[in-house]
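Q: Give me coordinates for this.
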Amino acid sequence: MSKSTESAPNRPATPFEGRRIRAAVIGTGAIARGSHVPALARLAEEGETEIVAAVDIAEDAVRKFCAEAGIPHAYTDLDRMLEEQRPDLVAICTPPTLHRDQTVAALRAGAWVWCEKPPVLTLADFDAVEAQEGKDGGPYAAIVFQHRFGSGSRHVRRLIAERTMGRPLVAHCQTTWYRNAAYYAVPWRGRWETEGGGPAMGHGIHQMDLLLDLMGPWSEVRAMAGRLVHDVETEDVSTALVRFESGALATIVNSVLSPDEVSRIRIDCERATVELTHLYGHSNDNWRITPAPDVSDGDVAVWRDFGTDVPSSHLEQLRELVASMRAGERPRSSGADGRTSLELITALYKSAFTDTTVRAGEVGPGDPFYTALHGGAPGWAPPAASTGESATTVSQEASA
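A: Numbers count the residues shown, from 1 in each chain. As a prediction, this is how the structure comes out:
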């Protein structure tokens, strides 16, 4: 969609005081229709935002999308939209292989970015995006990690940070979902060049990001991965052992082979176990706190008081992002805070494919896993020969 991401200079961050934030949506698929547009529309009702444009390579699709959502301007060219509409915020809802160039183009045009996961395909791409962000007050690029947001995760994050339940000691992070052959018939799925990775990258990233948000920095990982069912380049299942800087230990399982689907995080602290069980989003009722036998009823009552129920959602993350824009502050899930889960996933793949323990900060320029999550590993890296059809072409066709 972008003709050039190298020519448009940065412009000063736009002041947002006293006016609505002008938003544009890139890509008109299911995630844009089902999550981004409803969130932006809700904030529009509250006087915070307005959707001024949408972009897709398929003209008929973007015109229909705009007509249904009441969006005034439809485009098939990202650069033209950025130049003519000059949005304050760009929501990127396209396949992963397009995220880097589209994010860079938006940042260079002075727009903040809210990009669906995975944000980019490699740590090298992430660092290239971060280099285009504003240095003081934005624009910044945030990743859609909506599971961090809502009353449940906010309450548990505070309890763990304040150590009222004692130190976190043991954790389990589980994303065990089911995807059949039809799911992988979409051309860009299951390929390193277009999806970046398998379930660790495209599915489990949400729960791993939430685990890190609750537990803090990790220090080392030991992992295994398998291609047990699907005829894909990437893995279809992975497991990992993680040590945190705090000393806590965790297990992680990411699978698309599991008919009984569940997303789960469990954290055993010194005085209580906290467990979240859900699938694609959570509310207060999805959290459970089990105290140790000697804990007082008063402490238990405080721990179990989650307050008003605010489910995790794109809307809740967008609310915080808009507040950050108005304050000129870096939003959560951007910069170093957004990079941490991608770094863990990269280390997971390196550990699995090289049969080694990988430590935080180890993967950087010069490391083959810095520029490709398969790291060129035998049996995992795709064939060097071209298939005759570029990855970008496949992914653009899928986005339409």
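
Q: show me where the stretch 1-150 of the chain has strands.
A: Counting by DSSP state E, counting those that start in this stretch, the stretch 1-150 of the chain forms strands over residues 21-26, 49-55, 73-75, 89-92, 112-115, 141-143, given from the N-terminal end onward.

Q: could you dump these to CSV with mean pLDDT and distance to Glu195?
A: (Each C-beta comes from the backbone N, C-alpha and C, glycine too.) Putting the strands of the stretch 1-150 of the chain into CSV (pLDDT from 0 to 100; distance: least, C-beta to C-beta, whole Å) gives the following:
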stretch, mean pLDDT, distance to Glu195
strand 21-26, 98, 18
strand 49-55, 98, 21
strand 73-75, 98, 26
strand 89-92, 98, 15
strand 112-115, 98, 15
strand 141-143, 98, 16
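
Q: can you put these in TSV and add mean neighbour count?
A: Rendered in TSV, the data for the strands of the stretch 1-150 of the chain read as follows (neighbours: other C-beta atoms under 10 Å):
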stretch	mean neighbour count
strand 21-26	26
strand 49-55	24
strand 73-75	19
strand 89-92	28
strand 112-115	29
strand 141-143	28
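
Q: can you give me the helices in the stretch 101-250 of the chain?
A: In chain order, the stretch 101-250 of the chain shows helices spanning 123-130, 151-162, 192-195, 199-202, 205-215, with DSSP state H, counting those that start in this stretch as the criterion.

Q: Ends of stretch 90-104, what's the gap?
A: Start to finish, the residues bounding stretch 90-104 are 11 Å apart (C-alpha to C-alpha, to the nearest Å).

Q: distance between it and the chain's centre?
A: What separates the centre of stretch 90-104 from the centre of its chain is 12 Å, taken as C-alpha atoms, centre = their mean, to the nearest Å.

Q: buried ones in the helix or strand hosting Glu320?
A: In the assignment (DSSP states H and E), Glu320 maps to helix 314-327. Neighbour-count burial for helix 314-327 flags 314-319, 321-322, 324-325 (criterion: 16 or more other C-beta atoms under 10 Å).

Q: Following the chain past that helix, name the next helix or strand.
A: Toward the C-terminal end, the helix or strand that comes next after helix 314-327 (DSSP H and E) is helix 335-354.

Q: Tell me where the model's unsure across this structure.
A: 1-14, 385-400 (pLDDT under 70).

Q: Need the outlier residue of it, farthest from its centre.
A: Of all residues in the chain, Asp294 has its C-alpha farthest from the mean position, at 39.0 Å, by C-alpha atoms, centre = their mean.

Q: With distance to Thr340 added, can I get the strands of the stretch 1-150 of the chain in a markdown table?
A: Below are the strands of the stretch 1-150 of the chain laid out as a markdown table (distance: least, C-beta to C-beta, whole Å):
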| stretch | distance to Thr340 |
| --- | --- |
| strand 21-26 | 25 |
| strand 49-55 | 28 |
| strand 73-75 | 34 |
| strand 89-92 | 20 |
| strand 112-115 | 16 |
| strand 141-143 | 11 |
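
Q: Many thanks, we can stop here.
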